[in-house]
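A.B. asks: Okay, here's the prediction I keep looking at, along with the sequence it came from:
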There are 2 protein chains.
Amino acid sequence: MNHGKIYNLVVVGFGGMGSHNAKLAEETGRIAIAGVYDPTEYRMDLARSRGYRAYENFESILDDEEVDIVLIATPNDVHKELSIKSLRAGKHVVCEKPAAVNTTDLLEILRAAEESERLFMVHQNRRWDEDFLIVKDLIAHKKVGDVFHVESRVQGANGIPGDWRQLKAYGGGMLLDWGVHLLDQLLLLTDSKIESVYADLSYILGTEVDDGFTASIKFKNGLSAVIEVGTTNFIKLPRWYVKGTEGTAVIRDWDLSGEIVTRNREVEHVEPKPIQAGKGLTKTMAPPSEESTIRRPIEHVEDLSDNFYVNLVSTLEGASKQAVPNDEVYRVMTLIEAIFESAESNSVIVRDI
Amino acid sequence: MNHGKIYNLVVVGFGGMGSHNAKLAEETGRIAIAGVYDPTEYRMDLARSRGYRAYENFESILDDEEVDIVLIATPNDVHKELSIKSLRAGKHVVCEKPAAVNTTDLLEILRAAEESERLFMVHQNRRWDEDFLIVKDLIAHKKVGDVFHVESRVQGANGIPGDWRQLKAYGGGMLLDWGVHLLDQLLLLTDSKIESVYADLSYILGTEVDDGFTASIKFKNGLSAVIEVGTTNFIKLPRWYVKGTEGTAVIRDWDLSGEIVTRNREVEHVEPKPIQAGKGLTKTMAPPSEESTIRRPIEHVEDLSDNFYVNLVSTLEGASKQAVPNDEVYRVMTLIEAIFESAESNSVIVRDI
């Protein structure tokens, strides 16, 4: 990746994600940070202190012919306007997730990209998360047999970050923030279309946006999924819980601790012994006898794919396809709209997604 | 409890629950096992080997004037017929759960009990489970603040027991089997009426009855609950997961291991540090800083209430009220019907329960 044209990228919005992205882009050796623009003065000072050129305003980026790529890491509500303006000015655009706050806005962006013949790529970086890749791998390799149920959760006790993410007008809320990652990952785990969605948004913190949600999703092929984001959870449930016909897999946390427990086909079925459970006896809920299951730790997987920014450069040069295709981004947005609709109407949305 | 009239109880259905109940009843010192009836010959031999009188048929129990109480521990489909016949013959009835397989049948039983002026009491023994009592106590004492979400799960990897519980005609399936316990417990955790139910039944094992289910229940007071029974889970999620405004409580298993983590009101809010999570950074999903929470083990609770059979005797003597009131049993059955209906129609049942 170290040889060839250097692409000039300008970071618009120099908050946490903006500076994180700048670092990742630079690491490719093929992208230079040509500058930064942020309407907040201290962030411009911060950018200058790191040696970045500070653009006076957004328009001056568009006017700068040296700029190849605009990276948009602003609050969600302005992704659309800034993306479209950048594309129309002939720039390629990398946009933080969610690409837009609804499908109508997203379609406008995608149309602008098409018309301008520029690349628009959404930073769905959690497609490269190892916990997700492990789950993808164990499904593909049937490590717990045929998977029929997936639960994917992120839970914290820190509430919604105390910024624009608490405000509706800025596209705040946890469904748009973390939900977009978990749903994007989920849709990559199966080839099947969605059949129906039932969801509940949480407003425990009293913010005008959701502080979390639970979505129960059924796929046409019989797979079911529970996707959950919580910011009021002082104890976490596992990050992943995956059920297959031969066993169950759990990834507990970001440290990738977890295990796979499967039926031991080598031994004949051993009837479990009833256990005392509360005031009753249960054989159904007794643990399977030791010899009838195999327990092993989660195996890490090696990811040989290009990372986001390497793929970006490679796509710009026609050598690769976009690692985050826009039709997939659009499908996730459609699902997010169905989740909002389900929660608002407290009903099951039966829809081909 | 050791003084006073001895009540003669006959066990109808001498499977696992029948013999378990016989033992519990005898322990009161006020109930004698007058005999056993079971259509399966080896079970009658088993009863005889334990010194119990073996009744030749069900009718001979009803004709026996010495018999005060009939304990019905048969497959679910005949609870109704046997209960009604026993009540009409002037016997009190203790019936294993579920009391009936639908509300219509249950109403007929309750009407028969009323007309005969006999006691009908359902063996919802898991009202006395310590894990449940701990949750009830922590809600009542606001140990995690105001509770707004409860998850109650039992999960095993042993499938449905290989008996009538796999057959629809006998009232099999896990919703009627374990579901009735978890739903009964749930309704005791709040005074509120239910607003809506969404449920999914699982048929992974290929049986004609459900091998498990998930129900999302919303109460009118804002409480939400997830109730889940699984028989294809090689790894268990926690038995209880309870979220309140001040913290979260977990009871992991029947051994009552678990913990309560709450906000530490003594310290000012300490912003958590962003952590690397997969390919991204997150502050939202970082653990709260150590000093900002208090972590303590689950405290056991002492149950001072009479147990099921002590309460039965005491109720027969007018000294107590039924620990399992029939209107509560009826309400649970109404909820079970709503769960079946929701799962069959893949829709939210909005109903005042």
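C.D. replies: Perfect, thanks for sending it.

A.B. asks: Tell me which stretches of chain A form helices.
C.D. replies: Here chain A has its helices, by DSSP state H, at A:16-27, A:41-49, A:58-63, A:79-88, A:103-116, A:130-140, A:174, A:180-187, A:308-316, A:326-345.

A.B. asks: Could you name the helices and strands sitting against the third one?
C.D. replies: If I follow you right, that is helix A:58-63. Packed against helix A:58-63 by the contact rule (3 or more C-beta pairs under 8 Å, 6 or more residues apart in numbering or on different chains; DSSP states H and E) you find strand A:7-12, strand A:31-37, helix A:79-88. No exception for glycine: its C-beta is placed from N, CA and C like everyone else's.

A.B. asks: how far is that helix from where the chain is centred?
C.D. replies: On the basis of C-alpha atoms, centre = their mean, to the nearest Å, helix A:58-63 sits 30 Å off its chain's mean C-alpha point.

A.B. asks: sorry, back to before: most tightly surrounded among the helices of chain A?
C.D. replies: The highest mean neighbour count among the helices of chain A, using mean count of other C-beta atoms under 10 Å in any protein chain shown, belongs to helix A:174: a mean of 26.

A.B. asks: Let me see the backbone angles for the residue in the stretch 101-250 of chain A that chain B sits nearest to.
C.D. replies: Chain B sits closest to A:Asp129 of the stretch 101-250 of chain A, with a gap of 2.8 Å, by C-beta to the nearest C-beta. Dihedral pair for A:Asp129: phi -70, psi 140, per degrees, to the nearest 10.

A.B. asks: wait, isn't it in contact with B:Thr282?
C.D. replies: No: using C-beta atoms under 8 Å, A:Asp129 makes no contact with B:Thr282, being 11.0 Å away.

A.B. asks: Can you pull the residues of the stretch 1-150 of chain A lying near chain B?
C.D. replies: A:16, A:20, A:125-126, A:128-132, A:144, A:148 (C-beta under 8 Å from any C-beta of the partner chain).

A.B. asks: what about 6 Å?
C.D. replies: Neighbours of chain B within the stretch 1-150 of chain A, by C-beta under 6 Å from any C-beta of the partner chain: A:20, A:125-126, A:128-129, A:131, A:148.

A.B. asks: State the pLDDT value of A:Glu292.
C.D. replies: One thing to correct before we go on: residue A:292 is Ser, not Glu. What the model reports as pLDDT for A:Ser292 is 88.

A.B. asks: My guess is it contacts A:Glu266. True?
C.D. replies: No: proximity of A:Ser292 to A:Glu266 does not meet the contact threshold set by C-beta atoms under 6 Å, at 9.6 Å.

A.B. asks: check contacts around the closest residue to chain B within the stretch 201-350 of chain A.
C.D. replies: Of all residues in the stretch 201-350 of chain A, the one sitting closest to chain B is A:Gly278 (2.8 Å; C-beta to the nearest C-beta). Counting by C-beta atoms under 6 Å, 6 or more residues apart in numbering or on different chains, A:Gly278 touches B:126, B:129, B:131.

A.B. asks: mind checking how far the residue lying closest to A:His123 once chain neighbours are set aside is from chain B?
C.D. replies: Excluding its sequence neighbours, the residue lying closest to A:His123 (C-beta to C-beta, 6 or more residues apart in numbering or on different chains) is A:Glu96, at 5.2 Å. In this view, A:Glu96 and chain B are 11 Å apart by C-beta to the nearest C-beta, to the nearest Å.

A.B. asks: Likewise for A:Arg50?
C.D. replies: Where chain B is concerned, A:Arg50 sits at a distance of 17 Å (C-beta to the nearest C-beta).

A.B. asks: which one is that residue nearest to, not counting chain neighbours?
C.D. replies: Distances taken as C-beta to C-beta, 6+ apart put A:Ser19 closest to A:Arg50, at 7.9 Å, once the chain neighbours are dropped.

A.B. asks: Kindly report the same for A:Asp163.
C.D. replies: Going by C-beta to C-beta, 6+ apart, A:Asp163 has A:Gly15 as its nearest residue, at 7.7 Å.

A.B. asks: what stretches of the stretch 1-150 of chain A score poorly on pLDDT?
C.D. replies: A:1-2 (pLDDT under 70).

A.B. asks: Figure out which of the helices and strands packed on helix A:58-63 is closest to B:Gly172.
C.D. replies: Among the helices and strands packed on helix A:58-63, helix A:79-88 comes nearest to B:Gly172, with 53.0 Å by C-beta to C-beta.

A.B. asks: Just give me the neighbour total for the nearest residue to A:Asp210 once chain neighbours are set aside.
C.D. replies: Spatial nearest neighbour of A:Asp210, excluding adjacent residues (C-beta to C-beta, 6+ apart): A:Leu201 at 3.9 Å. Neighbour count of A:Leu201, defined by other C-beta atoms under 10 Å in any protein chain shown: 21.

A.B. asks: what's A:Leu201 in contact with, if anything?
C.D. replies: A:Leu201 neighbours (C-beta under 6 Å, 6+ apart): A:210, A:213, A:343.

A.B. asks: and it, bridged to which residues?
C.D. replies: Beta-bridge partners recorded for A:Leu201 (DSSP bridges): A:Phe213.

A.B. asks: What is the neighbour count of A:Lys236?
C.D. replies: The number of residues near A:Lys236, taken as other C-beta under 10 Å, comes to 20.

A.B. asks: Please disregard the earlier target; I meant A:Asp303.
C.D. replies: 15.

A.B. asks: again with the one 4 residues further on
C.D. replies: Under the neighbour criterion other C-beta under 10 Å, A:Asn307 is assigned a count of 16.

A.B. asks: Quick check: the gap between it and B:Val250.
C.D. replies: Computed as C-beta to C-beta, to the nearest Å, the A:Asn307 to B:Val250 distance reads 36 Å.

A.B. asks: Write out the residues of the stretch 151-300 of chain A neighbouring chain B.
C.D. replies: Checking the stretch 151-300 of chain A against chain B by C-beta under 6 Å from any C-beta, the hits are A:154, A:156-158, A:161, A:196, A:198, A:204, A:233-235, A:247-248, A:250, A:254, A:261, A:272, A:277-280, A:284-285, A:288.

A.B. asks: In contact with A:Leu9: list those residues for me.
C.D. replies: Neighbouring residues of A:Leu9 by C-beta under 6 Å, 6+ apart: A:25, A:31, A:33, A:69, A:71.
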